[in-house]
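> everything below, folded, please.
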Amino acid sequence: MPTNGSAGPVTAPGHTPTTARPPAILVLEDGYVLRGRAYGAQGRALGEIVFNTGMTGYQETLTDPSYHRQIITMTAPHIGNTGINGADAESSRIWAAGFIVRDPARRASSWRSTGELEDALIDAGVVGLCHVDTRALTRHLRERGAMRAGIFSGEALPVGAAHEGPGSAAAIEICLDIVRSSPAMAGQALAGEVTTASGYVVEPSGAFAGREPVAVVAAIDLGIKSRTPAQLAERGARVHVLPQSTTLAEVLALGPDGVFFSNGPGDPATATAEIDLLRGVLDAGIPFFGICLGNQLLGRALGYGTYKLDYGHRGINQPVLDRATERVEITSHNHGFAVDAPTGAPTTAPFDSGRYGRVEVSHVGLNDGVVEGLRALDIPAFSVQYHPEAAAGPHDGEHLFDRFIRLMRDRRGAQSAPGAPQTGAGAPAHPDTTAKEA
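Numbers count the residues shown, from 1 in each chain. From the prediction side, this is the model:
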């Protein structure tokens with residue numbers, strides 16, 4: 001059974017091991033084992049283990065609902081040095097199932113800090129692991145793919161599992177059975193577990209505060225990050241953030257100028273109700289913008305498939321080619337599924353014999369050629385796989401919110417023109433006139 005070869009903590013050169021920490025182990029479903037020390041809460045954490053390559057932004061990562069039921073491995077070796085604060089959280093709680101770091105900071109050192117990261121993990125009951133070789137773990141996941149895993153510490157750690165020796169194999173086998181009996185990510189419908197319990201409104205802000213909105217957006221919360229409606233509000237939109245279970249009738253009752261589908265966790269193949277809602281939006285000719293899970297759901301609504309990536313894209317330094325402008329954008333990612341659509345010339349959307357017209361792949365990931373964006377050519381709909389709200393991450397993709405605002409304004413202008421037909425349920429959708437940007 002492969003291990004990291006060490007019964008004690010693995011630490012960076014020159015750093016004294018924190019032997020006062022209780023022992024903890026990580027067990028992957030393929031039998032890979034790492035022994036280290038407890039970090040955060042003690043107990044048991046089960047989930048899909050993934051790695052995040054961001055050097056910064058761990059608070060935003062932990063509070064991103066897309067990480068629901070996942071154990072996050074941070075590839076940056078030193079985590080926690082800036083503590084936590086009240087401004088950077090992307091939701092009301094930590095969503096990660098577990099958290100793995102190599103070298104936790106002994107204390108926070110930042111003028112913005114209002115607390116320690118480990119205290120936040122303990123308060124949230126998030127079981128973690130530290131003083132392990134995260135580089136070796138990341139290489140293993142790159143070679144074998146994301147998989148089910150468990151962190152065991154405290155009373156959840158079987159006797160004999162913490163150290164190699166007589167009896168350790170039987171103790172590890174107990175942990176392995178627990179891990180293998182936990183659900184895999186494929187086939188999981190999780191958006192309903194992270195969505196808002198009730199709708200709320202984010203009013204226009206900044207220069208638009210107190211003014212009539214330039215557009216009204218119905219945003220379906222599939223695991224939305226707080227920075228996303230804030231981006232739209234800063235551009236003058238009134239954003240109605242709605243639960244995942246919202247119906248088409250409830251959306252139409254708001255008279256929205258556009259509909260937005262957020263990021264979120266789980267397998268897009270399970271999102272039958274959300275896809276039905278999205279097709280209703282497309283049929284009504286309402287401009288649509290989706291990110292991350294929203295991109296995958298647009299793909300499925302158009303008739304394309306989705307598939308699970310071996311180990312996914314998670315980090316804040318992913319290069320993506322915008323094929324319309326030929327610019328390379330450095331983007332923030334968190335996704336384990338992708339759209340299966342042709343990346344060459346535009347194709348007719350397969351659903352219902354081409355009901356939604358032509359579609360092109362607008363963005364491509366330069367690391368592996370994965371579809372990173374879709375643009376419908378005959379209806380006002382587009383999406384990207386990455387996170388343009390940039391929390392955390394670079395701001396290269398923020399212009400997509402401007403594109404969505406223009407698309408909605410164009411629709412408003414077309415509808416207000418004398419004699420113009422009103423777009424509604426059953427009416428033909430009018431094309432996106434703003435998709436090709438200079």
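> tell me, how many residues neighbour Val320?
Neighbour count for Val320, taken as other CB atoms under 10 Å: 26. Bear in mind the C-beta positions are built from the backbone N, C-alpha and C, glycine included.
> which residues touch it?
By CB atoms under 8 Å, 6 or more residues apart in numbering, Val320 lies in contact with 328-331, 363-366, 372-373, 386.
> switch to 6 Å and redo it
329, 331, 363, 365, 372 (CB atoms under 6 Å, 6 or more residues apart in numbering).
> ok, it to Phe404 distance?
In this view, Val320 and Phe404 are 18 Å apart by CB to CB, to the nearest Å.
> what does Arg35 give?
Relative to Phe404, and taking CB to CB, Arg35 is found at 48 Å.
> again, but for Gly255
Applying CB to CB, the value for Gly255 to Phe404 is 17 Å.
> can you check the pLDDT for Gly8?
For Gly8, the pLDDT comes out at 37.
> please name the residues that touch Asn81.
105, 109.
> that one falls within a strand, correct?
No - judged by DSSP: H, G, I helix; E, B strand; the rest coil, Asn81 forms no part of a strand; its state is coil.
> how close does it sit to Ala38?
Counting by CB to CB, the gap from Asn81 to Ala38 is 20 Å.
> which of Gly255 and Phe404 has more neighbours?
Between Gly255 and Phe404, counted using other CB under 10 Å, Phe404 has the larger neighbour count: 26 against 10.
> give me the sheet partners of the helix or strand containing Gly128 and which way each runs.
Taking DSSP states H and E as the criterion, Gly128 maps to strand 127-130. Here strand 127-130 is paired, per DSSP bridges, with strand 33-40 (antiparallel), strand 98-100 (parallel).
> who wins for proximity to Gly187 among those strands?
When the strands paired with strand 127-130 are compared by CB to CB, strand 98-100 sits nearest Gly187, at 20.7 Å.
> next, the buried residues of the closest one.
Neighbour-count burial for strand 98-100 flags 98-100 (criterion: 16 or more other CB atoms under 10 Å).
> same deal with stretch 28-39?
Within stretch 28-39, judged by 16+ other CB under 10 Å, the buried ones are 28-30, 32-39.
> what do you get for stretch 45-58?
Within stretch 45-58, the residues scored as buried using 16+ other CB under 10 Å are 45-55, 57-58.
> what do you get for stretch 89-103?
So, applying 16+ other CB under 10 Å, buried residues of stretch 89-103: 89-91, 94-103.
> farthest pair within these?
Ser91 and Asp103 (26.7 Å).
> what average pLDDT does the host helix or strand of Ala136 get?
Using DSSP H and E, the element containing Ala136 is helix 134-144. Throughout helix 134-144, pLDDT has a mean value of 96.
> quick check: nearest residue in space to Ser226, chain neighbours excluded?
When the adjacent residues along the chain are set aside, Ser226 lies closest to Glu90, with 5.4 Å between them (CB to CB, 6 or more residues apart in numbering).
> what does Gly393 give?
Ser332 (2.9 Å).
> how close does the one you found get to Glu60?
9 Å.
> just the strands in the stretch 301-438 of the chain please.
In the stretch 301-438 of the chain, the segments counted as strands under DSSP state E, counting those that start in this stretch are 305-322, 327-340, 347-348, 358-365, 371-376, 381-384.
> for Gly357, give its distance to Leu282.
Distance from Gly357 to Leu282, by CB to CB: 10 Å.
> quick one, which of those two is more surrounded?
A direct count of neighbours by other CB under 10 Å for Gly357 and Leu282 places Leu282 higher, at 24 against 16.
> need the contact list for that one.
So Leu282 contacts 356, 379 (CB under 6 Å, 6+ apart).
> quickly find the element holding it.
Per DSSP H and E: Leu282 is located in helix 272-283.
> only the buried residues of the helix or strand following that helix, if you could.
Elements were assigned by DSSP H and E; along the chain past helix 272-283, the next helix or strand is strand 288-291. The neighbour-count check on strand 288-291 (16+ other CB under 10 Å) flags 288-291 as buried.
> Gly150: which of the residues you listed is nearest?
Compare each of the buried residues of strand 288-291 with Gly150 using CB to CB and the shortest gap goes to Ile291, at 30.7 Å.
> let's verify Val251: helix, strand, or coil?
Quick answer, by three-state DSSP: Val251 is helix.
> tell me which residues are up against stretch 210-228.
Contacts of stretch 210-228 (CB under 6 Å, 6+ apart): 64-66, 90, 191, 194-196, 204, 229, 232, 236-242, 244, 251, 254, 256-265, 293, 389, 391, 408.
> now, the residues you listed that are in strands?
237-242, 258-261 (DSSP state E).
> redo those as CSV? Include pLDDT and distance to Glu164.
Formatted as CSV, the ones in strands among the contacts of stretch 210-228 follow (pLDDT from 0 to 100; distance: CB to CB, whole Å):
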residue, pLDDT, distance to Glu164
Ala237, 98, 58
Arg238, 98, 60
Val239, 98, 54
His240, 98, 56
Val241, 98, 50
Leu242, 98, 52
Gly258, 98, 58
Val259, 98, 55
Phe260, 98, 51
Phe261, 98, 48
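> ok, which stretches of the stretch 151-300 of the chain are helices?
168-180, 191-194, 227-233, 248-253, 272-283, 293-301 (DSSP state H, counting those that start in this stretch).
> which of those has the highest mean neighbour count?
Stretch with highest mean neighbour count among the helices of the stretch 151-300 of the chain: helix 293-301 (a mean of 28; mean count of other CB atoms under 10 Å).
> between it and strand 358-365, how many degrees?
With axes from the mean of the first three to the mean of the last three CA atoms, to 10 degrees as the basis, helix 293-301 and strand 358-365 are set at 140 degrees to each other.
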